[in-house]
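Student: no sequence on hand, only this structure:
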């Protein structure tokens, strides 16, 4: 079986979906020798004005190596005007889609395409129209939670893709339910991810050393790992941290990540008089296991999520997770650790974290549903079924 896996992102900014797709590719490669997998990454080639304003520095290469995976880069030029029209004014569904036609011939001899983003969907549709190649889409979060409801055009686009895809995977059951509001079809299922083998529960002595390595002197450590963006609801965290420190003396806090709200966040931390806070900035994926292993509680207050990998990685590492009742978060950490985003959200999250620490609650174990073995088996079975139907 020859599979082309297509996703979009930036090799120099590996976060979220990017890391999830790379891990899934690794799992497919190591668990099934019968697969021939080629990986393609759609990357933006920014116009000179865009690069100047955004201070972007990109090296244009035909291929990249990511976690020992060869990735073939497909470059599309994004101008500042098209960025504004698409991402700010939302007057068109996807930027740069007309430029994808030049890449269609690359996929003439594949049995199936596996795609992970809206731009990839447009390319897969062009390939299917020309060569009859089936494709499977994986929906990861905002692409189904937020994007379709921007306007009538985006809603119509997603509705078309849900129907036109040979199958649709969703990283959580909740995302699949959301998709039913757009179009109910019988070509859908959830497909959970699993954590990387790099995440393991440390011993008490190991956890102590991990804290020392990152400069934490506190016995207990809570924190946040992610993008400092509005959708992550990070501005709720200073109030949560203040409530917790008012009840638990000397607790340490670590913030991992960067983004547009970082400066405002730091000012609010000072205003709330939150103590013992370490800001690490962005950390490359290989450094995340040590950070998570040092944590006692991870807090995730997002407005929207699919199935955040950091949650699965934390649970696998023996870390408690408390967060918002959105997306797939409750499916992984349990409803007792999730709270609605209302006026009581901050105090409810604070109280739950305080209970966990004061009562010394043992962390829960990750459900066997979040297993790469079962995920790969399910994914391959779907691919084989689709291909056999096409051949008959």
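Tutor: Done, it's in. For clarity, every value in this text was computed on a predicted model and none was experimentally measured.

Student: give me the spatial nearest neighbour of residue 363, chain neighbours excluded.
Tutor: residue 318 (4.8 Å; Cβ to Cβ, 6 or more residues apart in numbering). All C-beta spots, glycine's among them, are computed from the backbone N, C-alpha and C.

Student: the one you found: how many residues sit nearby?
Tutor: Residues lying near residue 318 (other Cβ atoms under 10 Å) number 21.

Student: make sure it is indeed in a helix.
Tutor: No. Applying DSSP: H, G, I helix; E, B strand; the rest coil, one finds residue 318 to be coil, outside a helix.

Student: that one contacts residue 201, correct?
Tutor: Yes. In this structure, residue 318 is within contact of residue 201 by Cβ atoms under 8 Å, at 3.4 Å.

Student: shared neighbours, these two?
Tutor: residue 363 (Cβ atoms under 8 Å, 6 or more residues apart in numbering).

Student: can you list the domains in this structure?
Tutor: Listed domain ranges for the chain are 2-194+371-391, 204-358 (source: automatic domain parsing).

Student: pLDDT averaged over the shortest one - what is it?
Tutor: When pLDDT is averaged over domain 204-358, the result is 95.

Student: repeat that for the first one.
Tutor: When pLDDT is averaged along domain 2-194+371-391, the result is 91.

Student: ends of that domain, how far apart?
Tutor: 14 Å (Cα to Cα, to the nearest Å).

Student: give me the distance from it to the chain's centre.
Tutor: Centre-to-centre, domain 2-194+371-391 and its host chain are 13 Å apart (Cα atoms, centre = their mean, to the nearest Å).

Student: again with the shortest one
Tutor: With Cα atoms, centre = their mean as the basis, the distance from the averaged C-alpha position of domain 204-358 to the chain average is 17 Å.

Student: and the residue at minimal distance from the centre of the chain, what does it touch?
Tutor: Closest to where the C-alpha atoms of the chain average out (Cα atoms, centre = their mean) is residue 16, at 3.2 Å. The contact partners of residue 16, taken as Cβ under 8 Å, 6+ apart, are 140, 227, 308-309.

Student: so which of the domains of the chain comes closest to residue 364?
Tutor: domain 204-358 (6.6 Å; Cβ to Cβ).

Student: what's the span of that closest one from first residue to last?
Tutor: 17 Å.

Student: out of the domains of the chain, flag the one nearest residue 365.
Tutor: That would be domain 204-358 among the domains of the chain, by Cβ to Cβ, at 7.3 Å.

Student: in JSON lines: the domains of the chain, plus distance to residue 364.
Tutor: Below are the domains of the chain laid out as JSON lines (distance: least, Cβ to Cβ, whole Å):
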{"stretch": "domain 2-194+371-391", "distance to residue 364": "16"}
{"stretch": "domain 204-358", "distance to residue 364": "7"}
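
Student: which of the contacts of residue 16 tops the neighbour count?
Tutor: Of the contacts of residue 16, with other Cβ under 10 Å as the count, residue 308 tops at 28 neighbours.

Student: who does the nearest residue to that residue once chain neighbours are set aside bridge with?
Tutor: Nearest non-adjacent residue to residue 308, counting by Cβ to Cβ, 6+ apart: residue 300, 6.6 Å away. Counting by DSSP bridges, residue 300 forms beta bridges with residue 323.

Student: surely residue 300 touches residue 320?
Tutor: No. Contact status for residue 300 versus residue 320: not in contact, 11.2 Å apart, counting by Cβ under 8 Å.

Student: for the residue nearest to residue 363, give me its contacts.
Tutor: 201-202, 363.

Student: from residue 199, how far out is it?
Tutor: Noted for residue 318: a distance of 10 Å to residue 199, by Cβ to Cβ, to the nearest Å.

Student: how about residue 172?
Tutor: In terms of Cβ to Cβ, residue 172 sits 19 Å off from residue 199.

Student: out of the two, which sits in the busier spot?
Tutor: Neighbours per residue (other Cβ under 10 Å) separate residue 172 from residue 199, with residue 172 holding more: 27 against 22.

Student: got the buried residues for stretch 47-59?
Tutor: 47, 50 (16 or more other Cβ atoms under 10 Å).

Student: what lies in contact with it?
Tutor: 10, 12, 43-46, 77-80, 83.

Student: of the contacts of residue 318, buried ones?
Tutor: 202, 363.

Student: what residues are up against residue 157?
Tutor: 93-94, 118, 148.

Student: again, only this time at 6 Å
Tutor: Counting by Cβ atoms under 6 Å, 6 or more residues apart in numbering, residue 157 touches residue 93.

Student: residues of the host helix or strand of it that come out buried?
Tutor: Assigned by DSSP states H and E, residue 157 falls within helix 152-164. Residues 154-155, 157-158, 161-162, 164 are the ones in helix 152-164 that count as buried (16+ other Cβ under 10 Å).

Student: what do you get for stretch 85-102?
Tutor: Under 16+ other Cβ under 10 Å, the buried positions of stretch 85-102 are 86, 93-97, 99-100.

Student: which one of those sits closest to residue 232?
Tutor: Among the buried residues of stretch 85-102, and counting by Cβ to Cβ, the member closest to residue 232 is residue 86, at 21.8 Å.

Student: what secondary structure does the closest one sit in?
Tutor: Residue 86 ends up helix, using three-state DSSP.

Student: from residue 390, how far out is it?
Tutor: 33 Å.

Student: show me what the longest helix seen in the chain is packed against.
Tutor: Scanning the chain for the helix with the most residues, using DSSP state H, yields helix 372-391. Counting contacts by 3 or more Cβ pairs under 6 Å, 6 or more residues apart in numbering; DSSP states H and E, helix 372-391 is packed against helix 16-31.

Student: again, only using 10 Å
Tutor: Applying 3 or more Cβ pairs under 10 Å, 6 or more residues apart in numbering; DSSP states H and E, we find helix 372-391 packed against strand 2-8, helix 16-31, strand 112-115, strand 135-139, strand 167-170, strand 188-190.

Student: would you mind giving the ones you listed as TSV with distance to residue 266 added?
Tutor: What follows is the helices and strands packed on helix 372-391, written out as TSV (distance: least, Cβ to Cβ, whole Å):
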stretch	distance to residue 266
strand 2-8	31
helix 16-31	22
strand 112-115	38
strand 135-139	34
strand 167-170	36
strand 188-190	37
